[in-house]
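Visitor: generate a structure from the sequence data that follows.
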Amino acid sequence: MAEEASSGSTAPRRLRNIVGGSAGNLVEWFDWYVYAAFTIYFARSFFPSADPTAELLQAAAVFAVGFLMRPIGAWVMGIYADRKGRKAGLTLSVTLMCTGSLLIAVAPTHAQAGLWAPAILVVARMIQGLSLGGEYGSSATYLSEMAGKKRRGFWSSFQYVTIIGGQLSALAFLLLLQLILSPAELDAWGWRIAFAAGGLLAVVVFFIRRRLDETLSFKNVAGRVDRPKSSGRNLFRDHPREALLVMALTAGGTASFYAYTIYLQKFLVNTSGFDRETASRIMTLGLAVMMVIQPLAGALSDRVGRKPMMIFFGVCATLFTYPLFTALETVRDPVIAFALVMTSLVIVTGYTSINAVVKAELFPAHIRALGVALPFALANTMFGGTAEYVALWLKSIGHERWFYLYISGLAALSLVAYITMRETKTTSLIEED
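Guide: Modelled structure (predicted):
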């Protein structure tokens, strides 16, 4: 009975661990998304220019740099979580995120330090990229292993509840500061408050994660003297099909997610013509609804399977991305804009709600954290982290609509993977219940 409790397998402890792991994930993603939410205010502090699009483009490039570090973080910290435990991986990742957030909070502006200012910003985002590269694999693996077999889709969906919750919290924090501070104050120094708050919250999460239970899946494999080592070489040598499948199913999903959420806020300002406050309110409400429907979609996957959910996303994203964005170009009514935004968010929920558990179910326990993290991070770097930059670059050269076709094409490629993959709900390699 003591072993049962220590592994988190009893219902109350299991729920406590899932809630604790999810809360930490929310703060990690809050810290990451604060950058995107506040870009429209701090871009000029680091990249002064007479052209607002040029300022956003340079800030988006730094956002993409953070993604370049995510495969390295996924590789190093995925191995760490497989060898030392999911709990250890989660604790290390939040420590790095805290460091990056506090560094941005105190970073000098271009006027104060010249080129050192954007250089410090790049270093801070690189540290955060390392953190998030390891966070995704550790948290996806932890939640999937901690959840019971019959409700694994439901409980693992809380990873994207907290990912979206982090983004939503960043937007909500922006709305709060918009009410308290003037636009001039936000441009000058108000944006620093958000990064400082994220760093302090990460300190709290550090202590929460130290009290989590380790998963039974890791404990069982850790006790084996003959277990294979977790390494990048072993991953692609022993599980090449699964690793490539994770990359394939991620490409369209992550590109669509960043297009429909991160970039869409700027699109509403820069293309549709809404003021920054209205755009923030539209996206905040849309993300709040999206967050609520994640567990519903996850629970549905426990009944009908993972494949139908992924195929729904792939078909709809392929067919409707272009018409949704073209409609948003000319919309002037916030209610209609919200309806269009919400349609896109419902579509991508078919991917976001279950992608974590699908990936975790593909790999054995000894290499699961790395298997989830590294292929995902590679695809996310190539297609997710660059989505906003690609969109802004195409707009700057007068071909904004090519971006809509780009997202549709990636969704179509992922759709092929969804159709041909096995149903992981019935073939899961997570053996413990």
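
Visitor: right, and Thr250 touches Asn380 too?
Guide: Yes - counting by Cβ atoms under 8 Å, Thr250 touches Asn380, with 6.3 Å between them. C-beta coordinates here come from the backbone N, C-alpha and C atoms, glycine included.

Visitor: ok, and the closest non-adjacent residue to Ala243?
Guide: Pro375 (4.6 Å; Cβ to Cβ, 6 or more residues apart in numbering).

Visitor: restrict the helix or strand harbouring that neighbour to CA atoms and write it as PDB.
Guide: Using DSSP states H and E, Pro375 sits within helix 368-379. Only the C-alpha atoms of helix 368-379 are listed here, as PDB (Å, rounded to 0.1, in the frame of the first residue of the first chain):
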ATOM      1  CA  ARG A 368       9.400   7.900 -23.600                       C
ATOM      2  CA  ALA A 369      10.300  11.400 -22.400                       C
ATOM      3  CA  LEU A 370      12.900  11.800 -25.100                       C
ATOM      4  CA  GLY A 371      10.700  10.100 -27.800                       C
ATOM      5  CA  VAL A 372       7.900  12.600 -27.000                       C
ATOM      6  CA  ALA A 373      10.200  15.700 -26.700                       C
ATOM      7  CA  LEU A 374      12.900  15.500 -29.400                       C
ATOM      8  CA  PRO A 375      10.900  14.800 -32.600                       C
ATOM      9  CA  PHE A 376       8.200  17.200 -31.400                       C
ATOM     10  CA  ALA A 377      10.800  19.900 -30.700                       C
ATOM     11  CA  LEU A 378      12.400  19.400 -34.200                       C
ATOM     12  CA  ALA A 379       9.100  19.800 -35.900                       C
END
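
Visitor: tell me which other helices or strands it touches.
Guide: In terms of contacts (3 or more Cβ pairs under 8 Å, 6 or more residues apart in numbering; DSSP states H and E), helix 368-379 is packed against helix 70-84, helix 116-146, helix 232-238, helix 240-258, helix 355-360.

Visitor: weakest of those in terms of mean pLDDT?
Guide: Per-stretch mean pLDDT for these is lowest at helix 116-146 (a mean of 88).

Visitor: pull out the buried residues from that helix.
Guide: Buried residues in helix 116-146, defined by neighbour count with 16 or more other Cβ atoms under 10 Å: 117-118, 120-121, 124-146.

Visitor: in the helix or strand just after that helix, what counts as buried?
Guide: Sequence-wise, the next helix or strand downstream of helix 116-146 (DSSP H and E) is helix 152-156. Neighbour counts over helix 152-156 (16+ other Cβ under 10 Å) mark Arg152, Gly153, Phe154, Trp155, Ser156 as buried.

Visitor: give me the mean pLDDT for helix 152-156.
Guide: In this model, helix 152-156 has a mean pLDDT of 91.

Visitor: give me the contact list for that helix.
Guide: For helix 152-156, the external contacting residues (Cβ atoms under 8 Å, 6 or more residues apart in numbering) are 18, 140, 143-144, 146-148, 295, 298-302, 306, 353-354, 356-357, 360-361, 425, 428, 430.

Visitor: got it, and stretch 98-106?
Guide: Stretch 98-106 has contacts (Cβ under 8 Å, 6+ apart) with 31, 34-35, 120-121, 123-128, 131, 192, 195-196, 198-199, 202-203, 206.

Visitor: quick check: buried residues in that stretch?
Guide: Buried-residue list, stretch 98-106, by 16+ other Cβ under 10 Å: Cys98, Thr99, Gly100, Ser101, Leu102, Leu103, Ile104, Ala105.

Visitor: strands of this protein, start to end?
Guide: In the chain, no segments count as strands under DSSP state E.
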